[in-house]
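1. Okay, here's the prediction I keep looking at, along with the sequence it came from:
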Amino acid sequence: MKKQTLEITITGMCGSGKSRLLFIIKNFLKNKGFDVEYGGDFDYPTEFEFDKCMVEHNDEVIDFLIKNRTIVINEKQIKS
């Protein structure tokens, strides 16, 4: 049986912390055993480039996001 796809999209303004939050979610899911695919984007076309950049100053950036961002979580169902 083929696995269904569940897509996670992070939206926000430039410099809002989207990439860092995506990095946190990606690593959490992979560490729990989920099959996770990195979709790539203009700034980080490969997962290697993405991970390499995201590990820099990770704790400092996370502390900044905790103090300066509110994260809103929504669920949207699409028709198959």
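-> Arrived safely, thanks for sending.
2. could you point out which element follows the helix or strand where K26 lies?
-> Applying DSSP states H and E as the criterion places K26 in helix 18-31. Where DSSP H and E defines the elements, the next helix or strand beyond helix 18-31 is helix 47-54.
3. What pLDDT does the model give the most centrally placed residue in the chain?
-> Nearest to the mean C-alpha position of the chain, counting by Cα atoms, centre = their mean, stands L22 at 1.0 Å. Listed pLDDT for L22 reads 94.
4. isn't it right next to I10, touching?
-> Yes - look at L22 against I10 with Cβ atoms under 8 Å: they come within range, at 5.1 Å. The C-beta positions use only the backbone N, C-alpha and C, and glycine is treated the same way.
5. just to revisit the earlier point, only the buried residues of the helix holding K26, if you could.
-> 18-23, 26 (16 or more other Cβ atoms under 10 Å).
6. can you check stretch 50-69 too?
-> Those would be 50, 54, 61, 65, for stretch 50-69 by 16+ other Cβ under 10 Å.
7. Assess the claim that the first one and K18 are in contact.
-> Which is F50. No - look at F50 against K18 with Cβ under 8 Å: they stay out of range, at 11.7 Å.
8. Quick check on K2: phi, psi?
-> K2 has phi and psi values of phi -80, psi 140 when expressed as degrees, to the nearest 10.
9. switch to numbering from 610
-> Sure, I'll start numbering at 610, so the last one becomes K611.
10. What pLDDT does the model give it?
-> Predicted confidence (pLDDT) for K611: 89.
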